[in-house]
Each structure stands twice: as structure tokens, then as C-alpha cells.
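[1] Fold the following for me, if possible:
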Amino acid sequence: MLLPLRTQALAAGVVLYLPDQRREGWYFRVSGPEGADLKRSRLVGEARRHPDEATATVLACVAVDRNGGRLSKGFGWAARGLDTRPAFTLAHARMLHDVLPCPPDSRVSVIATPAGCITASADAHQDGQELRLN
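    Below you'll find the model as predicted:
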């Protein structure tokens, strides 16, 4: 689900930091379109301990609630150390819940769904505000 987003961002000149799937706390800095594929990011990306230049992060999720609570497959380790940056995720309708069945491992501020985007800002944590995409 994130491959098309990574591909489009890299084609637009955005530099991405992708979490290393084998080493917790490490990232690959990629700037070319060949880095969109996670399997290739290890070969074409520059290993970085800290994504210092990153201004936002896109995180995969297993489930997310309308208030921005996120559950991941990796217990949130990809999000650790990125707390000061806005975080976004993509979710299908079945992944989106009003309330998660357990505590989230991290938080996101925007959830992109096929129907539109849901903002989960500090003001909207009680009830997510939906925005429609055209």
C-alpha cells in the first residue's frame, strides 16, 4: 500500500528515510525512484542512525483509530525517535476503527483512506474530523 506513495514522493524529488527491516533504530535515506522498493532501499540507500533531516514520516499500520492511535507489526519501533515529526499512515476501511481494542504503540496525525483523509490533531483526539479528497 505504501509503495505507490513512496514511488510518487521520490519522483517528485522528496527524500525518504525508510526504516531498516533488520536493525531497529536504523534507516535508509533514499532519493531516487529505485529506492521506493523496500528490498532495494538497502542497496541504493544511505544507512543512517537518525533521520535528522526528516520533516514528517509515513508509517505503515495494521490498524488505526479515528483519534490517531496506531498499531504496527513491529510494536512501534519504526516510529521511535520520530516523535517531534508529524506522522501519517494509509489504511483500508477494515483497518480503521473508532477505538482500538488495545493501547496504540504510536500516534499519527493524518490517516489517508480510499474515501479521504482523517485528521487526528491534538484538538481532534476526541472525535476524528474527516476531510474528503477530490
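
[2] Give me the residue at the spatial middle of the chain.
    In the chain, the C-alpha nearest the mean C-alpha coordinate belongs to Leu59, at 1.7 Å (C-alpha atoms, centre = their mean).

[3] Output the below-cut-off pLDDT ranges for the chain.
    Along the chain, the parts satisfying pLDDT under 70 run over 1, 75-85, 121-134.

[4] Just the strands from it, written as ranges.
    Along the chain, the stretches classed as strands by DSSP state E are 16-19, 27-30, 46-48, 57-58, 63-65, 69-71, 87-90, 96-97, 106-107, 110-113, 116-119, 129-132.

[5] Now do the residue nearest to the centre of the chain against Leu43, distance only.
    According to C-beta to C-beta, to the nearest Å, Leu59 stands 23 Å off from Leu43. Any C-beta I mention is one placed from the backbone N, CA and C, and that applies to glycine too.

[6] Can you tell me what sits against the top helix by length along the chain?
    Among all segments of the chain classified by DSSP state H, the helix with the greatest residue count is helix 3-11. With C-beta atoms under 8 Å, 6 or more residues apart in numbering as the test, helix 3-11 has contacts from Leu16, Leu18, Val30, Ser31, Gly32, Pro33, Gly35, Ala36, Asp37, Val58, Leu90.

[7] Specify which member of those residues is nearest to Val108.
    Among these, Val58 lies closest to Val108 (C-beta to C-beta), at 9.0 Å.

[8] residues near that closest one, how many?
    Neighbourhood size, Val58 [other C-beta atoms under 10 Å]: 19.

[9] gap between Leu3 and Asp98?
    Look at Leu3 and Asp98: by C-beta to C-beta, they are 28 Å apart.
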